[in-house]
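A.B. asks: for reference, the sequence and a predicted model appear below.
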Protein chains: 2
Amino acid sequence: MDVQKQKKLEAAGWKIGNAEDFLELNQVESSFIALKIALSQHLKTRRQSLRLTQKEFAGMIHSSQSRVAKMEAGDPGVSLDLLVKSLLTLKTSQEDIEKMLP
Amino acid sequence: MDVQKQKKLEAAGWKIGNAEDFLELNQVESSFIALKIALSQHLKTRRQSLRLTQKEFAGMIHSSQSRVAKMEAGDPGVSLDLLVKSLLTLKTSQEDIEKMLP
DNA sequence: CTCCAGAATATCAAATACGAAATAAACGAA
DNA sequence: TTCGTTTATTTCGTATTTGATATTCTGGAG
């Protein structure tokens, strides 16, 4: 990356080529994880309030019980996509989800 | 699935074993797509307002220009995870900028 | 205690998303 | 027009996520 672009980025608030960008990454990463955990807890609460077993809910989203368990456990190997689709299936309004997203 | 569980699901608002569940799926799917498109447009607008090229922004999220283009185009092959991490990267930096301002 | 439904955990191959690279297209400035 | 920059599109090998299955753990009822 050339000097021109470095200055452009720095003007926008970024330091590059040193420790700052990975601190920045960690911050993004931790916010992201926090978001997923919030969604997974919301999911578990909602499923339980509907008196559904993990197996039953898995059938609704065409997935498996084990995957539902991982979702609710905040397993890092579960995508946001699956979490959000699950919440949408539970008739969580799109507006509610958007509020939780950045 | 036995009758007990069918009634349980129906009580929760679902019809099963017929066309309704895939209509439900389509509804979830379309809401999901709408959400991704909304996020991708937000991302594009935000990047442009920061006067960053796709290539520069790709470097910030350790991705590639082509993937940024796909993100902004609402390509179905782009995950929510990547979209949200991208938005977090921009927003976090926005906060940093605001801190630096008088 | 035993039994059993519900939930957690481990493993696997198939599907999908990934970054990278190359190329084409779009657009403006010289 | 030509040239340089930005964005869109395609391809490819790799990495991650997936549903499914099996197994284990947990807790409550009998």
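C.D. replies: Everything's here; your move. Numbering: from 1, shown residues only, chains lettered A, B, ... in the order given.
A.B. asks: may I see the buried residues of the lengthiest helix in chain A?
C.D. replies: Longest helix in chain A by number of residues (criterion: DSSP state H): helix A:20-49. Across helix A:20-49, burial judged by 16 or more other C-beta atoms under 10 Å in any protein chain shown covers A:21, A:24-25, A:27-28, A:31-32, A:35-36, A:39-40, A:42-44, A:46-47. For every residue, glycine as well, the C-beta is placed using N, CA and C.
A.B. asks: for chain A, where's the lowest mean pLDDT among helices and strands?
C.D. replies: Taking mean pLDDT, DSSP states H and E as the measure, helix A:3-11 is the helix or strand of chain A with the lowest mean score, a mean of 47.
A.B. asks: so how far is A:Val84 from A:Leu52?
C.D. replies: Remark: distance between A:Leu52 and A:Val84 (C-beta to C-beta, to the nearest Å) = 18 Å.
A.B. asks: compare the two (neighbour count), which wins?
C.D. replies: For A:Leu52 versus A:Val84, the count of surrounding residues by other C-beta atoms under 10 Å in any protein chain shown is larger for A:Val84: 25 against 21.
A.B. asks: which SS state does that one fall under?
C.D. replies: helix (DSSP: H, G, I helix; E, B strand; the rest coil).
A.B. asks: same deal with the one 3 residues further on?
C.D. replies: When the structure is reduced to helix, strand and coil (three-state DSSP), A:Leu87 reads as helix.
A.B. asks: great, nothing more from me.
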